[in-house]
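>>> only geometry, no sequence info:
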């Protein structure tokens with residue numbers, strides 16, 4: 001059985017994820033393909049993740065890919081998470097992940113609407129609301145959620161959440177209808193009414209945005225295609241890594257691994273990983289490198305079993321729901337994080353002592369990121385414990 005030690009896994013991470021300076025991507029699209037897709041829950045993550053991987057990239061380059069060329073498309077998929085997919089991956093993502101999300105979200109919404117007493121026949125209500133939305137967006141029209149709710153009475157109404165809790169409140173049903181239709185591949189988050197750090201999507205039909213409807217394969221085929229792409233970018237990985245990333249079942253993960261002919265490899269400590277059958281050659285180690293990755297970057301979020309690159313800093317980097325914050329990397333492992341001052345200056349907070357050369361390199365990278373941001377401040381939607389307590393110079397103590 002082929003063995004992969006931690007050093008080789010970190011070398012693969014550096015080169016395949018385009019983080020080593022010698023392996024930068026030539027375009028935003030190439031960077032996204034290298035990662036299967038980019039996280040888009042925080043709108044700024046798409047831009048900052050691409051910036052780490054593409055030399056001399058501007059926000060206009062991402063805007064072009066998302067809104068002009070439409071070579072990257074935001075779509076709800078694995079783990080009910082929003083991603084920016086390369087256009088050619090969308091069909092597989094729909095068949096292998098999004099369709100299941102859509103079915104589950106529809107069931108949840110219909111049940112909640114009936115329990116709240118908003119509609120006596122929530123199934124019929126949803127079908128009518130769906131038809132009204134698709135009719136309103138016919139002919140290539142784009143509209144915001146607010147505009148659609150003002151036009152379509154079926155989208156009116158709110159549901160309570162967290163009753164009796166300090167964080168409780170009301171959530172309108174209209175946006176949830178749009179969420180289900182987007183996961184079903186019928187709607188898409190089209191152009192953005194806000195800046196690159198905000199999410200104010202105008203909705204459109206997927207068919208009008210792409211020039212064709214999605215053509216998803218069956219679930220097994222779609223899952224296998226996603227697994228093949230993940231192994232090429234993140235392999236070797238364990239069954240648990242893939243099960244978590246897919247948001248699926250262990251049985252479905254194993255079937256997909258078998259379908260792509262994945263080969264078992266030794267990750268040490270009795271752990272078994274998997275790679276594609278033609279991907280067993282050693283990876284040449286890159287030179288020294290550092291990177292400042294944004295919150296929810298796909299490298300940080302790519303695996304479930306993360307000790308080999310977290311270096312014991314899990315509780316500082318990830319919140320209680322498993323969301324990874326902004327991170328500072330050195331040679332394939334997380335050594336700290338970064339944050340911005342009120343003035344927008346980027347500063348690194350270390351979680352452990354590092355070589356002086358590494359600290360200098362991180363400081364220089366912080367300066368480059370400060371210049372690139374040009375005064376724009378990025379607010380993380382899910383700040384990590386490290387982000388919350390960062391601020392002073394020197395190492396940030398573990399909680």
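Cool, got the structure. All values reported here derive from a predicted model rather than from experimental measurement.

>>> Compute the number of surrounding residues for the nearest residue to residue 18 once chain neighbours are set aside.
Using C-beta to C-beta, 6 or more residues apart in numbering and skipping the chain neighbours, the partner closest in space to residue 18 is residue 53 (3.7 Å). For every residue, glycine as well, the C-beta is placed using N, CA and C. Per other C-beta atoms under 10 Å, the neighbour tally for residue 53 reads 26.

>>> Pull the contacting residues for residue 53.
Counting by C-beta atoms under 8 Å, 6 or more residues apart in numbering, residue 53 touches 17, 18, 19, 24, 25, 31, 34, 35.

>>> Show me what the mean pLDDT comes to for stretch 284-300.
For stretch 284-300, mean pLDDT is 97.

>>> residues in contact with residue 47?
59, 62, 196.

>>> Need the phi and psi values for it.
Here is the backbone geometry of residue 47 (degrees, to the nearest 10): phi -70, psi -50.

>>> hmm, back to that, measure the residue nearest to residue 18 to residue 62 for me?
12 Å (C-beta to C-beta, to the nearest Å).

>>> Who are the contact partners of the residue sitting furthest away from the middle of the chain?
Computed with C-alpha atoms, centre = their mean, the residue of the chain farthest from its C-alpha average is residue 120, at 36.7 Å. In this structure, residue 120 makes contact with residue 114, judged by C-beta under 8 Å, 6+ apart.

>>> Residue 198 too?
Here residue 198 is in contact with 43, 192 (C-beta under 8 Å, 6+ apart).

>>> Which element, helix or strand, includes it?
Using DSSP states H and E, residue 198 sits in no helix or strand.

>>> out of the contacts of residue 47, which is most surrounded?
Highest neighbour count within those: residue 62, with 24 neighbours (other C-beta under 10 Å).

>>> And for that residue, nearest residue in space, chain neighbours not counted?
Nearest one to residue 62, counting by C-beta to C-beta, 6+ apart, is residue 47 at 5.0 Å.

>>> mind listing the helices for the stretch 1-150 of the chain?
With DSSP state H, counting those that start in this stretch as the criterion, the stretch 1-150 of the chain has helices at 6-16, 28-34, 43-51, 59-63, 90-93, 99-115, 122-136, 145-151.

>>> sorry, back to before: please report how far the residue nearest to residue 18 lies from residue 142.
Residue 53 sits 29 Å away from residue 142 when distances are taken as C-beta to C-beta.

>>> Kindly state the pLDDT recorded for the residue farthest from the centre of the chain?
Value for residue 120, per-residue pLDDT: 90.

>>> give the contact list for the residue lying closest to residue 186 once chain neighbours are set aside.
Closest residue in space to residue 186, ignoring its immediate chain neighbours: residue 206 at 6.0 Å, by C-beta to C-beta, 6+ apart. By C-beta under 8 Å, 6+ apart, the contact list for residue 206 reads 185, 186, 187, 188, 213, 214.

>>> Can you read off the pLDDT for the second one?
Meaning residue 186. Model confidence at residue 186 (pLDDT) stands at 98.

>>> I'd say it and residue 205 touch.
Yes - taking C-beta atoms under 8 Å as the definition, residue 186 is a contact partner of residue 205 at 6.5 Å.

>>> any shared contact partners between the two?
residue 134.

>>> Between those two, which is the more surrounded one?
residue 205 (23 against 19).

>>> How about the more buried one, nearest residue that isn't a chain neighbour?
Residue 205 sits nearest to residue 137 (C-beta to C-beta, 6+ apart), 5.1 Å away.

>>> residues touching the one you found, list them.
Counting by C-beta under 8 Å, 6+ apart, residue 137 touches 143, 187, 203, 204, 205, 208.

>>> Also residue 38?
Contacts of residue 38 by C-beta under 8 Å, 6+ apart are 31, 32, 45, 46, 49, 50, 72, 83, 84, 298.

>>> okay, and for the protein, where does confidence drop off?
167, 391-399 (pLDDT under 70).

>>> show me where it has strands.
Assigned by DSSP state E, the chain shows strands spanning 38-39, 72-76, 82-86, 143-144, 158-161, 169-172, 187-192, 201-205, 263-268, 271-275, 290-293, 327-330, 333-340, 346-350.

>>> how close does the closest residue to residue 341 other than its chain neighbours get to residue 326?
Leaving aside its sequence neighbours, residue 341 sits nearest to residue 347 (C-beta to C-beta, 6+ apart; 6.5 Å). From residue 347 across to residue 326, the span is 11 Å (C-beta to C-beta).

>>> So for the two, which sits in the more crowded spot?
residue 326 (29 against 17).

>>> what residues are up against the more buried one?
Residues near residue 326 by C-beta under 8 Å, 6+ apart: 292, 293, 294, 295, 337, 338, 339, 380, 384, 387.

>>> What of residue 237?
230, 231, 273, 274, 303.

>>> which of these lies closest to residue 281?
residue 231 (14.3 Å; C-beta to C-beta).

>>> Test my guess that the closest one contacts residue 280.
No - if you go by C-beta under 8 Å, residue 231 and residue 280 don't touch, sitting 11.8 Å apart.

>>> more crowded one of these two?
Using other C-beta under 10 Å, the more surrounded residue of residue 231 and residue 280 is residue 231, with 24 against 12.

>>> That one - nearest residue in space that isn't next to it in sequence?
Nearest-residue entry for residue 231: residue 276, 4.9 Å, with adjacent residues in sequence omitted and distances by C-beta to C-beta, 6+ apart.

>>> residues touching the one you found, list them.
228, 231, 232, 235, 260, 261, 262, 263.
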